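Engineer: predicted model follows, preceded by the sequence.
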Amino acid sequence: MKHFPIFLAVEGRRIVLAGGGDAALAKLRLLMKTDARITVLAEDPAPEIETWAAQGKLVLHRRAMAPGDAICAKLFYAASEDADEDARTAAIAHAEGALVNIVDNLHDSAFITPAIVDRDPVTVAIGTEGAAPVLARQIKRDLEERLPAALGTLARIGKEFRKMADRLPFGRPRRDFWSDYYNRTGPRDIAGGEDAVRAGLDDLLGNHLGVQARDGHVHFVGAGPGDPDLLTMKARRALHEADVVIHDRLVTPEILELARREAMILDVGKTGFGPSTSQDDINDLIVRHGLEGAQVVRLKSGDPTVFGRLDEELEAVEAAGIAHTIVPGITAASAAVAGLGQSLTRRGRNAEVRFLTGHDMKGFADHDWAALARPGAVAAIYMGKRAARFMQGRLMMHGADPATPVTVVENAGRPTMRVLPSTLSQLEPDLSEAGLTGPAVVMLGLAPRAAVTALSQTDVTLSAPDATAKEAML
């Protein structure tokens, strides 16, 4: 982030602009929405600027800018559309202490003006670091369509009411009150006018003052494979309302960014064969915050019901009498098979699919190898990288065809996804040679679909150390 977004107090402050053409008009239309005192310096101002000056909306000096014109100015815009003149006026304003913006000159500007969605006093600013103004305008258009015109009125009335709402305890009770106002009673009452909205606020506050503190609640939420776009809407709502987020190691920063800014974020990740937070400690954390009345999100990568030790955490929460909700997510196997362009089940090939773990609390996990060795068997093996050689040996001992396709998918569902096609006989050494470092799912009995792979080269990195595996991709 090269430009830090802030909202600058300009009420009663000077903003100076040098220029009188189209660039000046574009900036002034935005600046006149503020309560700043605007001064324009232009030898040949556009008629609109002269009209605004006559209406008292700005002060116009029909001359070129000179030293002293930017004294006490909060902001200065060089908008003459002449590079030499803009550089001259910008140097004056900079020397006199103003923050300087040179129109269409990102490099020499101290600040940039974002695209703005105006629902005064609600303002949404959209910036692209000057890289994509067309994209900023597109986002602005989308937001204009989504945000109701009455939003500004509701926010203004809510601002007037804030001191009254301070009678509610700080934290969750106040947030619940304002959430009810903006999402339910305010939009309902606005049709009756501002007086109806104010009366509704009084009633709403009385209702909330009579309500005891809300009990804690634990949401067991599946974060999916790591792409925020694959989160369910219910998962997003839980994150937006969370007081505490307790997350696994594999939950990506992009998903944690969706949590409410004031939420407490606690990392309780487990590392395979490495440092880990004990399950008892995780249970205690969840229960403690739930008993304190917090809205807790226990955020698990993938789906919480698949190798997520959900039952142990559910038992701890239920024993403490805390209400809970399970929000499913996309499990890694689903994201991995989508990356292969395949289906987990296929008529004539397999009528079942097995989800397995490569290791358990005792070490490498044992399974029904004879069933897995049968032709057409399909299995998704989680945490299988370290156990690959063990599984390879067990399957071949039970008669599995050495040419059985095996595909390892690293970082399934993420932009950094890598696909390693192999066969059972070549799984090791292929896996070791590939040097995969991220979380991976081993897909037994499945190879990538060539057509899909060809279409996905920009999104998927294919690693195929074995020549036979490479040929299988063509």
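Structural biologist: Looks like it came in fine.

Engineer: quick one: low-confidence parts of the stretch 251-400 of the chain?
Structural biologist: The model of the stretch 251-400 of the chain has pLDDT under 70 over residues 270-275, 360-363.

Engineer: can you give me the helices for it?
Structural biologist: All helices of the stretch 251-400 of the chain, identified by DSSP state H, counting those that start in this stretch, fall at 253-256, 279-291, 310-319, 332-340, 369-372, 388-397.

Engineer: from the contact counts, what lies against the fourth one?
Structural biologist: Looking back up the chat, that one is helix 332-340. Packing contacts for helix 332-340, counted by 3 or more Cβ pairs under 8 Å, 6 or more residues apart in numbering; DSSP states H and E, involve strand 379-382, strand 405-410, strand 440-444. Where you see a C-beta, it was placed from the backbone N, CA and C, and this is true even at glycine.

Engineer: any chance of those in JSON lines, plus mean neighbour count and distance to Met396?
Structural biologist: Formatted as JSON lines, the helices and strands packed on helix 332-340 follow (neighbours: other Cβ atoms under 10 Å; distance: least, Cβ to Cβ, whole Å):
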{"stretch": "strand 379-382", "mean neighbour count": "24", "distance to Met396": "15"}
{"stretch": "strand 405-410", "mean neighbour count": "25", "distance to Met396": "12"}
{"stretch": "strand 440-444", "mean neighbour count": "27", "distance to Met396": "12"}
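
Engineer: got JSON lines for the ones you listed, with distance to Asp227 too?
Structural biologist: As requested, these are arranged in JSON lines below (distance: least, Cβ to Cβ, whole Å):
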{"stretch": "strand 379-382", "distance to Asp227": "18"}
{"stretch": "strand 405-410", "distance to Asp227": "14"}
{"stretch": "strand 440-444", "distance to Asp227": "15"}
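
Engineer: out of those strands, which comes closest to Thr34?
Structural biologist: Taking Cβ to Cβ, strand 405-410 is the member of the helices and strands packed on helix 332-340 nearest to Thr34, at 50.7 Å.

Engineer: relative to strand 440-444, how tilted is the closest one?
Structural biologist: With axes from the mean of the first three to the mean of the last three Cα atoms, to 10 degrees applied, the angle from strand 405-410 to strand 440-444 works out at 170 degrees.

Engineer: adjacent strands (with direction) for strand 405-410?
Structural biologist: The pairing partners recorded for strand 405-410 under DSSP bridges are strand 418-423 (antiparallel), strand 440-444 (antiparallel).

Engineer: can you give me the angle the longest one makes with helix 388-397?
Structural biologist: So the one you mean is strand 418-423. Interaxial angle of strand 418-423 relative to helix 388-397 (the same axes, to 10 degrees): 30 degrees.

Engineer: how about the helices and strands packed on helix 332-340, which one is nearest Ala136?
Structural biologist: Ala136 lies closest, by Cβ to Cβ, to one member of the helices and strands packed on helix 332-340: strand 405-410, at 34.8 Å.
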